[in-house]
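J.: I'll drop the sequence and a predicted model, then ask my questions.
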Amino acid sequence: MTGETLSYKCLSCGSPLVYDSKGKLKCNSCDSEYDLETLKKYSESENGDSEFDWQDYKKAFEQNKQNIENTAVYICRSCGAEIETNPQTAATHCPYCDNEIILNDRVGSSLKPNGIIPFKVDRNGLENAVKAYFEGKRLLPNKFKNQHKIGKIQGVYVPFWLFDATLDGQMLLEGTETKSYSDSEYDYTEVDHYLVDIDGTMTFKRIPVDASIKMDDDLMDSLEPYNYSDIVDFETAYLSGFLADRFDASPDDSLPRASERMRNSAEEVFINSVNRSFDTITRKSSNMNILNSSVRYVMLPVYLLNVEYKGKNYRFAINGQTGKVVGELPISKIKKRFYFLLTFLISLGIYSGLAWLIYRFMR
């Protein structure tokens, strides 16, 4: 199958245009800049007016299942090369001429996202941001700062589902109140137990779940929060110069994870609402029902890179809107043992001091 591609070209010199964090499409060859409205007028292809709707998509998916799931071959409009892609790729680079390519049929018609947060953070300075993330990490190996290598930083639009829903819940909690008093002979401790039944309804808006199977869920969760007030209508021009994947985890598959996040948040609110009234709170049972769920399909900006150290790659991600850095780091086993031993000795010293004071007081 041969698919349709879309490229944005400089009107002055014909070189590929790249979307930058200032909201412009920029030519790196002649430094010309264009706003999105200008490029819309010169766009070689239209996406159509429809946006993503899950029910409509499921009908279209059944009719075009083979085309959607199979690998497709696209023709680069710059050099004519054939580019083979996986079913999820929505924007990429031509490996032969480095032309910026948007796979129009992957983000058009019923696959068009409902919105997008464009990249706000410029690539310049991201390496320094990652190095700043290393500071203060006491368990890093001593040689890491001088021997690590930061790989290529790649900007990627990651597909996300944003769920809205109402939660109707009921929780049964056990609370305790403890009182202590003494008389001439004994010390007394009185513990009162209470059963607390809480009912409530909560409304949730824009609960995010990444819709890409290959993206690590914990890594994507760690990049939150995003400011969703920055969501704008989707335009293919935002993808130029970046990689992008369409979703491969459906809303039906992702809803249980969103529901779990809602339930955890609701339980925390319920518990905190009575926590100050008791000395301890224990959950006995919980019944949370998700109602009236709806979903929007959006693309969120993420920078991805690998940091290589002693033959092993450590994956990092940077929130392309806020600049927040998250990732995994190597741990020095020697330092880990040292800090464990130090903590143990400090604790032992504290307990020994308390025991000595109690012994002196009781004499």
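T.: Cool, the structure landed. Because the structure is predicted, anything quoted here is derived from the model rather than measured.
J.: and the gap between the closest residue to Leu167 other than its chain neighbours and Ser286?
T.: Spatial nearest neighbour of Leu167, excluding adjacent residues (C-beta to C-beta, 6 or more residues apart in numbering): Met202 at 4.8 Å. No exception for glycine: its C-beta is placed from N, CA and C like everyone else's. Using C-beta to C-beta, to the nearest Å, we find Met202 at a distance of 13 Å from Ser286.
J.: Gly311 now?
T.: 47 Å.
J.: Which one's more surrounded, these two?
T.: Shown here are Gly311 and Ser286; by other C-beta atoms under 10 Å, Ser286 has more neighbours (15 against 5).
J.: which element is that one on?
T.: Taking DSSP states H and E as the definition, one finds Ser286 inside strand 280-309.
J.: Next secondary structure after that strand?
T.: strand 312-319.
J.: And the average pLDDT for the helix or strand just after that next one is what?
T.: Going down the chain from strand 312-319, the next helix or strand is strand 325-327, by DSSP H and E. For strand 325-327, the mean per-residue pLDDT is 88.
J.: and strand 325-327, which strands flank it?
T.: strand 312-319 (antiparallel) (DSSP bridges).
J.: Can I get the partner strand in PDB? Just the C-alpha atoms.
T.: Only the C-alpha atoms of strand 312-319 are listed here, as PDB (Å, rounded to 0.1, in the frame of the first residue of the first chain):
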ATOM      1  CA  LYS A 312      24.200   1.000  29.100                       C
ATOM      2  CA  ASN A 313      21.600   3.400  28.000                       C
ATOM      3  CA  TYR A 314      19.400   5.300  30.500                       C
ATOM      4  CA  ARG A 315      16.200   6.800  29.000                       C
ATOM      5  CA  PHE A 316      15.200  10.400  29.700                       C
ATOM      6  CA  ALA A 317      12.200  12.400  28.800                       C
ATOM      7  CA  ILE A 318      11.500  16.200  28.900                       C
ATOM      8  CA  ASN A 319       8.100  17.800  29.000                       C
END
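J.: Any buried residues in that strand, and which?
T.: 316-319 (16 or more other C-beta atoms under 10 Å).
J.: Let's have the residues you listed in a markdown table, adding pLDDT.
T.: A markdown table is the format used below for the buried residues of strand 312-319 (pLDDT from 0 to 100):
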| residue | pLDDT |
| --- | --- |
| Phe316 | 88 |
| Ala317 | 91 |
| Ile318 | 92 |
| Asn319 | 94 |
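J.: Which of these sits closest to Val196?
T.: Asn319 (38.9 Å; C-beta to C-beta).
J.: Show me where the stretch 151-300 of the chain has its strands.
T.: 154-182, 187-210, 243-245, 280-309 (DSSP state E, counting those that start in this stretch).
J.: how about TSV for the ones you listed, with mean pLDDT and distance to Ser29 added?
T.: Listed next are those as TSV, based on pLDDT from 0 to 100; distance: least, C-beta to C-beta, whole Å:
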stretch	mean pLDDT	distance to Ser29
strand 154-182	91	19
strand 187-210	90	34
strand 243-245	83	21
strand 280-309	90	23
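J.: Which stretch among the ones you listed is buried most, on average?
T.: Of all these, strand 243-245 carries the top mean neighbour count, a mean of 22, counting by mean count of other C-beta atoms under 10 Å.
J.: which strands and helices sit next to that one?
T.: strand 89-93, strand 154-182 (3 or more C-beta pairs under 8 Å, 6 or more residues apart in numbering; DSSP states H and E).
J.: Could I get the average pLDDT for the shortest one?
T.: The average of the pLDDT scores along strand 89-93 is 68.
J.: go on, stretch 221-232?
T.: 93.
J.: tell me which residues of that stretch are tucked away?
T.: In stretch 221-232, counting by 16+ other C-beta under 10 Å, buried: 223, 226, 228, 231.
J.: Which residue, other than its chain neighbours, is closest to the third one?
T.: With C-beta to C-beta, 6+ apart as the criterion, Tyr228 has its nearest non-adjacent residue at 5.1 Å, and that residue is Arg206.
J.: pretty sure that neighbour contacts Asp164?
T.: Yes - Arg206 lies in contact with Asp164 (C-beta atoms under 8 Å); the separation is 6.8 Å.
J.: Mutual contacts of these two, please.
T.: Arg296 (C-beta atoms under 8 Å, 6 or more residues apart in numbering).
J.: a markdown table for the helices and strands packed on strand 243-245, including distance to Met262?
T.: A markdown table is the format used below for the helices and strands packed on strand 243-245 (distance: least, C-beta to C-beta, whole Å):
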| stretch | distance to Met262 |
| --- | --- |
| strand 89-93 | 28 |
| strand 154-182 | 5 |
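J.: so which of those gets nearest Lys24?
T.: strand 154-182 (15.3 Å).
J.: Direction included, what does the closest one pair against?
T.: In the sheet, strand 154-182 lines up with strand 187-210 (antiparallel), strand 243-245 (parallel), strand 280-309 (antiparallel) (DSSP bridges).
J.: nearest to Leu126, of those strands?
T.: Taking these one by one with C-beta to C-beta, strand 280-309 is closest: 6.1 Å.
J.: show me the contacts for Lys284.
T.: Per C-beta under 8 Å, 6+ apart, neighbours of Lys284: 172-174, 195.
J.: ok, 7 Å please
T.: Residues near Lys284 by C-beta atoms under 7 Å, 6 or more residues apart in numbering: 172-174.
J.: Give me the nearest residue to Pro208, chain neighbours excluded.
T.: Nearest residue to Pro208, sequence neighbours excluded (C-beta to C-beta, 6+ apart): Phe160, at 5.2 Å.
J.: Write down the beta-bridge partners of the residue nearest to Ile231 when sequence neighbours are not counted, one by one.
T.: Distances taken as C-beta to C-beta, 6+ apart put Gly115 closest to Ile231, at 4.1 Å, once the chain neighbours are dropped. Taking DSSP bridges as the rule, Gly115 bridges to Val298.
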